[in-house]
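1. Attaching a predicted model along with its sequence, questions to come.
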Amino acid sequence: MSKSQSWLITGIMFAILWASASTATKIALKEAQPLVVAVSRFGVASIIMLFISHFILKNKLPKKTEWTKLAVYGVLNITIYLGLYVIAMKEVTASIGALTVAASPVFISFLSLFALKKPLSSRILLALLVCVAGFVVVAWPLLGGATVTVRGLVLLILSMFSYSVGTIYFTSKEWTGLHLLTINGWQTLLGGLFLLPFMVFTYKSEANQYAADFWIGTVWLAVLVSIGAVMLWLKLIQEDAVRAGLWLFLCPIFGIIIAAILVGDKISIYTIVGVSMVLAGLAISHYDKKINAPME
């Protein structure tokens, strides 16, 4: 297999798996509460990653000073971001969830300006407004019904801001040679543990069935998204970080198609216009060469 063929296959696999997260979440939510799905996902994913990192690859454990950084990153990237995300997914469609995740580079670019104390760029502000408008266009015909609520959209956007802050935090810290699998494994475990008390407090046994859909959705999220998609992304950015960003343009398209096939989301003119607006927002923002990997 040539290098170009390997690049193409890796990129398409990443885009499909990354875009599938919202649909897999909706499937798991059919049979369990949001935080039950989230904590189960993080538990499975972190155990697998830490086993591979420390027992197979023999990577070193984090140092004493690194635990605080891992905990902060876990709170931002797991507890808040994915905690809010899974709750929001109960009140929005899989298509809207896929669009929001795909637009994460725009949120990161927007908040990076404040982190770097630079003047607000009109280009980034326009990109953010176009992306948010795209979400609204897709959601507009569904608002007020059972499939999309204003609260769900607000929680989804807040989750993206937390993810963006987490990404900026991650790139601003020195990790003294820690393997990425080690970082991802421990931040996922710690973030899940911080979320556990909220799950216990809100737990209702009658709302959780733990049948096939729960396990299919949760295992898909844990193994194929949290581990598989992230590792494929890391491979892409190691080869060419700038070109890798182009694969994110396929994510909303794949996300819409997967949602339509597996959970019956309708593709309307609103969907097409909204997706086009999100893609335009991504193009306007132009990816920062230092944007880091999705670390779900």
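-> Noted; the coordinates are in hand.

2. which of the residues in the lowest-mean-pLDDT helix or strand in the chain are buried?
-> Least confident element among the helices and strands of the chain, by mean pLDDT, DSSP states H and E: helix 230-244 (a mean of 75). For helix 230-244, burial by neighbour count (16 or more other Cβ atoms under 10 Å) applies to 230-237, 241, 244. Where you see a C-beta, it was placed from the backbone N, CA and C, and this is true even at glycine.

3. tell me how far that helix is from the chain's mean position?
-> In terms of Cα atoms, centre = their mean, to the nearest Å, the centre of helix 230-244 is found 16 Å from the chain centre.

4. That helix: what's the following helix or strand?
-> Scanning the chain past helix 230-244 towards its C-terminal end, the next helix or strand to appear is helix 250-263 (assignment: DSSP states H and E).

5. Looking at that following helix now, give me its mean pLDDT.
-> Confidence over helix 250-263 (mean pLDDT, whole number) is 90.

6. and what of stretch 12-26?
-> 93.

7. Contacts for it, please.
-> 37, 85-86, 89, 93-98, 101-102, 216-217, 220-221, 224-225, 228-229, 232-233, 236, 247-248, 250-255, 258-259, 262-263, 294, 296 (Cβ atoms under 8 Å, 6 or more residues apart in numbering).

8. what comes up buried for the helix or strand Leu8 falls within?
-> Using DSSP H and E, Leu8 sits within helix 3-19. Neighbour counts over helix 3-19 (16+ other Cβ under 10 Å) mark 7, 10-11, 13-19 as buried.

9. Redo those as TSV? Include distance to Tyr163.
-> Converted to TSV, the buried residues of helix 3-19 look like this (distance: Cβ to Cβ, whole Å):
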residue	distance to Tyr163
Trp7	26
Thr10	23
Gly11	22
Met13	22
Phe14	17
Ala15	18
Ile16	20
Leu17	17
Trp18	13
Ala19	16
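
10. Out of those residues, which is nearest to Val165?
-> When those are compared for distance to Val165 (Cβ to Cβ), Trp18 comes out closest, at 20.0 Å.

11. Report the residue spans of the stretch 1-150 of the chain with pLDDT below the cut-off.
-> Filtered on pLDDT under 70, the stretch 1-150 of the chain yields the residue ranges 116, 120, 144-146.

12. so, if you compare the buried residues of helix 230-244, which one comes nearest to Thr271?
-> Once Cβ to Cβ is applied, the member of the buried residues of helix 230-244 that ends up nearest Thr271 is Trp233, at 25.5 Å.

13. Show residues contacting the one helix or strand Gly74 maps to.
-> If you go by DSSP H and E, Gly74 is part of helix 66-74. Under the criterion Cβ under 8 Å, 6+ apart, residues 62, 166, 169-170, 173, 175-176, 178, 183, 186-192, 194 lie in contact with helix 66-74.
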